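Asker: let's see this in three dimensions:
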Amino acid sequence: MKIINKLKNKLIAFDRKVKLSKTVKNELINWQTILRTETPMEKINRTELVNSIKLLDNKIGKCTNSWDEYRQRFRFCILKNDPRNFLRWDPVIETMYAGINKCELDYLMDADWSKWSKAIKETWVGNPSKYKYYKYSSSNFINMAYNLAQLVEHYGINIGKLDKIVEFGGGYGCMAKLANNLGFQGTYTIFDIPELLSLQKYYLNSNNLNSGFNFVETAEKFNDSDPDMFIATWSLSESPTSLREEFLNKLGKPKYILIAYQSQFDSIDNVVYFKKYREKRPDYVWANYEITHLNKSKNYYLIGKKFL
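Answerer: Next comes the predicted model:
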C-alpha cells in the first residue's frame, strides 16, 4: 500500500510540474508582447475584436464537429488572451501553423524571387516566429505564397489585374494580406465561421488594410459569384459536404481555382469528392497532383482554369 501511495504522490508531483511548465511557457510567450506598451490603435483593434466575439451567437454553426470544437477554443483565446500574440495560441498553431519544408522557399526563389521576396515580407502582427532560412518572413507566410504560386506561376497570373477574389476559409487573413502584397486592389471576399472572420478583421486592420474586404458567414448571404479567382486551401475539404454544395452552387464559375485538400477528413473521402467535382466541370482544364513533401498523409493541389 505504501508503494502505491508513493507512486501516486510521484504522479501528482509530475503532473503539477507539467502544468507548471505549461504555465511558465505561456507566461513567457505572453511576456514577449507585454514588454511593449499597447498603442492606442492596438487597443482599439483589440476592443473591436473582443466586442465582436461577445456579440456572436454561440450556437453550433454549419461546420464539422472538429471545427466546432476549434471555434469554441478560438472564442476563449480571444476573450482571455492578448491578440497581439495570437499566432502563438494553441488552436491557431494546430489549425493554421505551417511547419514548412525548405523546398517551398526554394520554389519561390526559383520562380520569380523579385516578386515573391517582396510579397512574403512579414509585418509581425500576431507575433509569428521568424523562419530560420529567411528571417524577413514566417513559415506561415511562405507556405501561403507557395500554395498561391501553384496557380499563379502555372498560368502566369498577374494578381494586380484581377477584380474579385473569393476565399473559402481564410485562416487568420494571411492569404488576403499576401494578395494585397502582390498588388491586388479589387474586392476580396472571405467565407468563414464568425469567430475566424473576427480574427481576420483584426489581422487585416492591424496591417492597415481596412477596405476592399467582404466577410461572409453563411451561404445565404454570399453573392460574389463568378469571381476571377477562388481559393480554398484545406478548408473546403474540412467542411460538411452539404455546406460545400450549397456554397459552390452560389459561387458559379470562377476563372481560376486553387484548392488544396487532404485525402480524408471526418470520414469524408476527399479524393473521390474532388474527382466528382472535376467531372461536373468539364469546361475547365485541371491539374490535380500530390504534395509529395507532406509525408504525414496524402495531400493534393487541385488547380483549374476555365475555358474562355
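
Asker: so what's the residue positioned nearest the centre of the chain up against?
Answerer: A centroid search over the chain (CA atoms, centre = their mean) returns residue 171, at 2.4 Å, as the residue closest to the centre. Residue 171 is in contact with 96, 196, 200, counting by CB atoms under 8 Å, 6 or more residues apart in numbering. (C-beta placed from N, C-alpha, C; glycine too.)

Asker: most neighbours out of these, which is it?
Answerer: Neighbour counts for the contacts of residue 171, by other CB atoms under 10 Å, peak at residue 196, which reaches 25 neighbours.

Asker: follow-up on the earlier one: which ones among the contacts of residue 171 map onto helices?
Answerer: 96, 196, 200 (DSSP state H).

Asker: the first one reaches residue 138, doesn't it?
Answerer: No - the criterion here is CB atoms under 8 Å, and residue 96 misses it with residue 138 at 11.3 Å.

Asker: now the residue nearest to the centre of the chain: phi and psi?
Answerer: Main-chain dihedrals, residue 171, degrees, to the nearest 10: phi 60, psi -130.

Asker: try residue 242
Answerer: According to degrees, to the nearest 10, residue 242 has phi -60, psi -40.

Asker: for residue 137, same thing?
Answerer: In terms of degrees, to the nearest 10, the main-chain angles of residue 137 are phi -140, psi -180.

Asker: please name the nearest non-neighbouring residue to it.
Answerer: residue 120 (4.3 Å; CB to CB, 6 or more residues apart in numbering).

Asker: ok, the one you found - how many residues close by?
Answerer: 24.

Asker: mind listing what it touches?
Answerer: 108, 134, 136, 137, 141, 142, 145, 178, 181.

Asker: just the pLDDT at it, thanks.
Answerer: You'll see residue 120 listed with a pLDDT of 97.

Asker: can you check residue 284 too?
Answerer: Reading off the model, residue 284 has pLDDT 98.

Asker: low-confidence regions, the stretch 1-150 of the chain specifically.
Answerer: 1-35, 58-62, 64 (pLDDT under 70).

Asker: picking up where we left off before, next one: phi and psi at the residue nearest to residue 137?
Answerer: Residue 120 adopts backbone torsions of phi -100, psi 10, taken as degrees, to the nearest 10.

Asker: then residue 303?
Answerer: With angles defined as degrees, to the nearest 10, residue 303 sits at phi -120, psi 150.

Asker: distance check, it against residue 55.
Answerer: 38 Å (CB to CB, to the nearest Å).

Asker: ok, residue 153 next?
Answerer: 41 Å.

Asker: between the two, which one's more packed in?
Answerer: Taking neighbours as other CB under 10 Å, residue 153 and residue 55 compare with residue 153 leading, 16 against 9.
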